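Q: what's the 3D shape of this:
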Amino acid sequence: MQRKIFDILTSAGGLVMVVVLAVAGGLLMWGYSFANSNVHNQLAQQAIVFPTRAEFAQAKPGTEITPGMLPYLLKYAGQPLTTGAQAEAYADHFIAVHLSEMPLGGVYSKVSAASRANPTNTALAAEVTTSFQGTTLRGLLLEAYGFSEFALIAFWAGIAAFVLAVVMALLVAFGFWHARRTPASAELVVHTEPVVPVAA
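A: As a prediction, the model looks like this:
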């Protein structure tokens, strides 16, 4: 095969890869933008606001804000909950803490089973409602966090696709440049080792 033709064919294949990578990068960035804005909008509608810095300063064991929450929540003091990272922090270090302080650790299935076994216990019936609401809100917040992580993965994958597209475009340009400089008579040479006859 002529070297010029080989260069043109491989460069054309590389050009296809550039287009594929650019399209993939664009779709990944669109996915990131869609998921990220959707998470933000859904969380913003809940109108959850972190306790203020003054409230965090009053943290005491057994109260609404415990000292164990501070390393995870203090940085968000007074802010509205609108991001996946905030949702994860609130779910795991605020709601989960209060659920764990409830009877039976606030686990809905256990509290519900105990309430059904004692139908006249009104305090336990109220715990069922609280456990259900807390567990549901925590689950929804963690789901938002999960989608925000998918968005972040899509963002970095999109950047990687664009970087690879640029690298491939440079290689394609070099390939076409090399094809223009290669004489039409040049052949693609494949070097092989000479066969040495074995003495009988």
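
Q: Any regions of the protein where pLDDT drops low?
A: Residue ranges of the chain with pLDDT under 70: 1-4, 7, 179, 182-200.

Q: what's the longest helix in it?
A: helix 122-181 (DSSP state H).

Q: Show the contacting residues for the residue most central in space within the chain.
A: Compute the mean C-alpha point of the chain, and by C-alpha atoms, centre = their mean the closest residue is Glu149, 2.1 Å away. Counting by C-beta atoms under 8 Å, 6 or more residues apart in numbering, Glu149 touches Gly84. C-betas here are computed from N, CA, C, even on glycine.

Q: quick one: it and Ala165, what's the gap?
A: 25 Å (C-beta to C-beta, to the nearest Å).

Q: now swap in Ser37 and tell me
A: 25 Å.

Q: between the two, which one's more packed in?
A: Per other C-beta atoms under 10 Å, whichever of Ser37 and Ala165 has more neighbours is Ala165, with 20 against 11.

Q: give me every residue that touches the nearest residue to Ala91 once chain neighbours are set aside.
A: Spatially, and ignoring its direct neighbours in sequence, Ala91 is nearest to Leu141 (4.0 Å; C-beta to C-beta, 6 or more residues apart in numbering). Shown in contact with Leu141 (C-beta under 8 Å, 6+ apart): 43, 81, 87-88, 90-91, 95.

Q: 10 Å instead, please
A: Neighbouring residues of Leu141 by C-beta atoms under 10 Å, 6 or more residues apart in numbering: 43, 46, 48, 81, 84, 86-92, 94-95.
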